[in-house]
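[1] Generate a structure from the sequence data that follows.
(chains A and B)
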Amino acid sequence: MAVTDYLRQRFFPHMWCPGCGHGTILNSLLRAVEELELSKNDIVMTSGIGCSARISGYVDFHSLHTLHGRALAFATGVKLSKPELTLLVPMGDGDALAIGGNHFIHAARRNIDITAIVMNNRIYGMTGGQFSPLSGPGVKATTAPYTTIDANFDVVKLAIAAGASFVARSTAYHARESTEILKKAIMHKGFSVVEILSQCPTHYGRKNKEGDAVAMLELHKTNTAKLGSKQLEENPNLVARGIFIQEERAEYCIEYGKIVEHAQRRNVK
Amino acid sequence: MAKKTLKEHRINRDWCKGCGICVALCPKHVLELDQSDKAVALRLEDCICCKLCEIRCPDLAIEVIMEEGERDD
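    Alright, predicted model coming up:
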């Protein structure tokens, strides 16, 4: 099947701005689904609110466009009722870690078999460019005309500490790498977090003088390095890319199934 | 490994928003933006079928079509 067969083509061209990294992430994600030969009917995508959340309208899977920050809560409900389905939850940086911060850490703690994708463009694009918990200090935003003073979350460290059993990072520039990581994340049995750095040329790029979409994409290349590479060793200020943790741990739906079985056996006696 | 031969670049002009990512990141400078800011493939003979334009296109508007039977996988 071609990648476009996984799209609801009637909604195209999509609403994302020219050069928005979210489109490239959709592209990489569809390639991962295609290469894994997953059936459209076995995939559920839930999303929250924001530019990133519009992604669930464009894919021809089962989809739920839900409340701001609550995509993981809805996904948890779907997964518990139908554990055989594959859950994909793309979220924006604010959606995942500000409004949905609590849902994020608790889904990770439970290690439920869901793939969470944080499409991190470091800004709230849809509402006009407010800074998010992933903007970091020294960033200009509508709500920080004299630059931000807030430190940012490190999604990778946060997800590992909260209990996610698969945590990785890539960028929109590294599209092929993103696809490979997403394939592994989807196949992983447990809570997978994949942070993909995205570019918002309309708000973040313009305010922070990072140039157009192409210049911002080039920054993904120059500001990041592969885990374990010599480049990263020589310059620890670079953002590390790759798979940070991948381990087998008790998965929530399986454990829940055991409890159900146990309770039913007791009732028979 | 058989050399991949290009058949065509299928560019969806209705979906292309002219961001120029494919133009700038093509290693062989095959693509350009035309007068209406849509991507067009001009130097077809230089294309090495790496598909970098296709996989990075945020509008999912490019498909690199290769000759049948020449796939190296």
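
[2] burial of the nearest residue to A:Asn235 once chain neighbours are set aside, as a residue count?
    Nearest residue to A:Asn235, sequence neighbours excluded (C-beta to C-beta, 6 or more residues apart in numbering or on different chains): A:Ala225, at 7.2 Å. All C-beta atoms are positioned from the backbone trio N, CA, C, and that covers glycine. A:Ala225: 21 surrounding residues under other C-beta atoms under 10 Å in any protein chain shown.

[3] Can you check what pLDDT the model gives whatever residue of chain B ends up closest to chain A?
    Nearest to chain A, among the residues of chain B, is B:Pro58, at 2.8 Å (C-beta to the nearest C-beta). Note for B:Pro58: predicted pLDDT of 97.

[4] so when I look at it, I'm seeing a strand, right?
    No. Secondary structure of B:Pro58 (DSSP: H, G, I helix; E, B strand; the rest coil): coil, not part of a strand.

[5] ok, now which ones touch it?
    Contacts of B:Pro58 were listed using C-beta atoms under 8 Å, 6 or more residues apart in numbering or on different chains, and they are A:16, A:18-24, A:26-27, A:172, A:213, B:17, B:19, B:21.

[6] hmm, back to that, what's the distance between the residue nearest to A:Asn235 and A:Thr46?
    Distance from A:Ala225 to A:Thr46, counting by C-beta to C-beta, to the nearest Å: 32 Å.

[7] now A:Lys157
    Separation of A:Lys157 from A:Thr46 (C-beta to C-beta): 25 Å.

[8] Kindly report the same for A:Ala162.
    Taken as C-beta to C-beta, the span from A:Ala162 to A:Thr46 is 19 Å.

[9] mean confidence for stretch A:16-28?
    Mean pLDDT, stretch A:16-28: 97.

[10] Equivalent analysis for stretch A:65-77, please.
    97.

[11] Any buried residues in that stretch, and which?
    Using 16 or more other C-beta atoms under 10 Å in any protein chain shown as the test for burial, stretch A:65-77 gives A:His65, A:Thr66, A:His68, A:Gly69, A:Arg70, A:Ala71, A:Leu72, A:Ala73, A:Phe74, A:Ala75, A:Thr76.

[12] Of those residues, which belong to strands?
    If you go by DSSP state E, the buried residues of stretch A:65-77 have A:His65 in strands.

[13] Between A:Lys157 and A:Thr46, which has more neighbouring residues?
    Taking neighbours as other C-beta under 10 Å, A:Lys157 and A:Thr46 compare with A:Thr46 leading, 27 against 11.

[14] For that one, give me its contacts.
    Shown in contact with A:Thr46 (C-beta under 8 Å, 6+ apart): A:56, A:63-66, A:71-72, A:74-75, A:78, A:87-89.

[15] So which of the residues you listed is the closest to chain B?
    Distance to chain B, by C-beta to the nearest C-beta, is smallest for A:Ser56 among the contacts of A:Thr46, at 15.6 Å.

[16] Can you show me the strands along chain B?
    B:6-11, B:31-33, B:39-41, B:62-66.

[17] Tell me the spacing between A:Thr143 and B:His29.
    40 Å.

[18] Which one's more surrounded, the two?
    A:Thr143 (15 against 11).

[19] For the residue nearest to that one when sequence neighbours are not counted, the count of nearby residues, please.
    Spatial nearest neighbour of A:Thr143, chain neighbours left out: A:Gln130 (4.4 Å); criterion: C-beta to C-beta, 6+ apart. Close neighbours of A:Gln130, defined as other C-beta under 10 Å, add up to 17.

[20] what does the one 4 residues further on give?
    Neighbour count of A:Leu134, defined by other C-beta under 10 Å: 24.

[21] Next: the one 4 residues further on.
    For A:Gly138, the number of neighbouring residues by other C-beta under 10 Å comes to 10.

[22] Just list the residues touching it, thanks.
    Going by C-beta under 8 Å, 6+ apart, the list of residues near A:Gly138 reads A:Thr147, A:Thr148.

[23] so where's the stretch 151-269 of chain A shaky on pLDDT?
    For the stretch 151-269 of chain A, the stretches with pLDDT under 70 are A:269.
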